[in-house]
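Asker: only geometry, no sequence info:
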């Protein structure tokens, strides 16, 4: 069963600003199939100058607060990178990819559907670690 990959229309390099990038990440996240109990916030981390592009780093931090535990024991971060080519025309869309905390795997919005299980796995492994300490 090949699920439909939800994506958004990403802005072009010449229309990019740090704030706009963050808004687009939020817009993209809103297409994700995650339970409403998950809350998140996002932040801009840094700008990185590369030879052929500029890369903008963002972090989206996820958790599941509950009435019993309004301050969650653990959070899961998803790191987003928006890359603007110095070679391609300024009117071409930015390149976007994301990685999950504690994972080397690079996901691209146009190729991968986000899975809520990834967030659960991060949080569960952190809680297991805390309980061992």
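Answerer: Received it, and whenever you're ready, just let me know what you need. Just so we're clear, the structure is a prediction, and the values are computed from it rather than from any experiment.

Asker: just list the residues touching residue 11, thanks.
Answerer: By CB atoms under 8 Å, 6 or more residues apart in numbering, the residues touching residue 11 are 20-21, 24, 93-94. For glycine as for every other residue, the C-beta is placed from the backbone atoms N, C-alpha and C.

Asker: which of those fall in helices?
Answerer: 20-21, 24 (DSSP state H).

Asker: out of the residues you listed, which are buried?
Answerer: By neighbour count, with 16 or more other CB atoms under 10 Å, the ones in helices among the contacts of residue 11 hold 21, 24 as buried.

Asker: residue 82: which of the ones in helices among the contacts of residue 11 is nearest?
Answerer: residue 21 (4.8 Å; CB to CB).

Asker: I figured that closest one hits residue 57, correct?
Answerer: No - with contacts counted by CB atoms under 8 Å, residue 21 stays clear of residue 57, the gap being 10.0 Å.

Asker: which neighbours do the two share?
Answerer: Common neighbours of residue 21 and residue 57 (CB under 8 Å, 6+ apart) are residue 44.

Asker: between the ones in helices among the contacts of residue 11, which is closest to residue 133?
Answerer: Nearest member of these to residue 133, counting by CB to CB, is residue 21, at 36.8 Å.

Asker: same for the helix ranked longest in the chain, what does it pack against?
Answerer: Counting residues, the longest helix found in the chain (DSSP H) is helix 116-132. Helices and strands touching helix 116-132, by 3 or more CB pairs under 8 Å, 6 or more residues apart in numbering; DSSP states H and E, are strand 76-85, strand 95-100.

Asker: which of the helices and strands in the protein ranks last by mean pLDDT?
Answerer: helix 116-132 (a mean of 93; mean pLDDT, DSSP states H and E).

Asker: tell me which residues of that helix come out buried.
Answerer: 118-120, 122-123, 126.

Asker: any chance of the helices and strands packed on helix 116-132 in JSON lines, with mean neighbour count and mean pLDDT too?
Answerer: Formatted as JSON lines, the helices and strands packed on helix 116-132 follow (neighbours: other CB atoms under 10 Å; pLDDT from 0 to 100):
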{"stretch": "strand 76-85", "mean neighbour count": "20", "mean pLDDT": "98"}
{"stretch": "strand 95-100", "mean neighbour count": "19", "mean pLDDT": "97"}
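
Asker: alright, calling it a day.
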